[in-house]
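Student: this is a predicted model, with the sequence first.
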Amino acid sequence: MATLRLLSAHDEVGNIRTFVFETGGLTWLAGQYQTYILEQVEGDEKAKKRFFTIAAAPSENEIHISTRVSDSAFKQALNSLKPGDTIETRNLEGDFTWEDSSDTPVVLVAGGIGVTPYRSMLLERHAAGKPLSCTLVHFNREEAIPFRTEFEQLAATHPELKLVYIVGQPITADAILAAAPDAATQLTYLSGPEPMVDAVGADLTKRGVNLKQDWFPGYDEQTY
């Protein structure tokens, strides 16, 4: 377990807010996630903890939690933290990472806030001077799309990066394959609300898509 100090916080878009913490010496791979604990939240152990993908690239030397701030006790406690306040962490985990052994093009599919691991992956590859050979397909409920400016800045210097934004439409296997036909033959990453990833992932797998999946618990088709 480690204790991390909040450095700052800022709004992204809509109800999405990014909380910036010191690393506490932690090293991670772009795309990994961690357990975060706020003991001041009332209730049992489950109420006091959440899982968040680290939205920052390791090269940024900060830990970013980027999340939708809801009315839940945990999110409200997180949002009330001031610079210098702390959060507990444990269990760095996850293999939802870019397979660095190959520069073969891939497809990255995100539902809403499920885009956070891709921010980490793309910025880390950019910092390392690696190609961003991928199509990013981002489904969002509304026009307020997180990290859009950062992704467009990357695309401006990486013509191999293709951005596809789909707003207000259901996330389905058909929609993914229509937006990125290469998903039928390329390794495809799927990240977003757990019910969507389960259902759409099963459909894509049935169609022979080579898939890596990342589940965001606590979100559904109305809140992602």
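Tutor: Cool, got the structure.

Student: contacts for the least confident helix or strand in the chain by mean pLDDT, please.
Tutor: Across the helices and strands of the chain, the lowest-confidence element by mean pLDDT, DSSP states H and E is helix 45-48, at a mean of 91. With C-beta atoms under 8 Å, 6 or more residues apart in numbering as the test, helix 45-48 has contacts from 37-39, 41, 73-74. C-beta coordinates here come from the backbone N, C-alpha and C atoms, glycine included.

Student: ok, now stretch 9-20?
Tutor: 6-8, 55-56, 62-70, 78-79, 81, 83, 113, 142, 144-148.

Student: from residue 39, how far out is residue 13?
Tutor: Distance, residue 13 to residue 39, using C-beta to C-beta, to the nearest Å: 30 Å.

Student: looking at these two, which one has more neighbours?
Tutor: A count of neighbours by other C-beta atoms under 10 Å puts residue 13 above the other of residue 13 and residue 39, at 15 against 11.

Student: element containing the more buried one?
Tutor: According to DSSP states H and E, residue 13 maps onto no helix or strand at all.

Student: now it: how far from residue 115?
Tutor: To residue 115, residue 13 is 11 Å away according to C-beta to C-beta.

Student: mutual contacts of those two, please.
Tutor: Residues touching both residue 13 and residue 115 (C-beta under 8 Å, 6+ apart) are residue 146.

Student: the residue nearest to the spatial centre of the chain: what's it in contact with?
Tutor: Central residue of the chain (C-alpha atoms, centre = their mean): residue 116, 2.1 Å from the mean position. For residue 116, the contact set (C-beta under 8 Å, 6+ apart) comprises 52-55, 66, 146, 191.

Student: can you name the next helix or strand after the longest strand seen in the chain?
Tutor: When the chain is parsed with DSSP state E, its longest strand is strand 2-11. For strand 2-11, the following helix or strand on the C-terminal side (DSSP H and E) is strand 16-21.

Student: what pairs with that following strand, parallel or antiparallel?
Tutor: Applying DSSP bridges, strand 16-21 is found paired with strand 2-11 (antiparallel), strand 63-68 (antiparallel).

Student: how about JSON lines for these, with distance to residue 220 and mean pLDDT added?
Tutor: Output for the strands paired with strand 16-21, formatted as JSON lines (distance: least, C-beta to C-beta, whole Å; pLDDT from 0 to 100):
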{"stretch": "strand 2-11", "distance to residue 220": "23", "mean pLDDT": "97"}
{"stretch": "strand 63-68", "distance to residue 220": "12", "mean pLDDT": "97"}
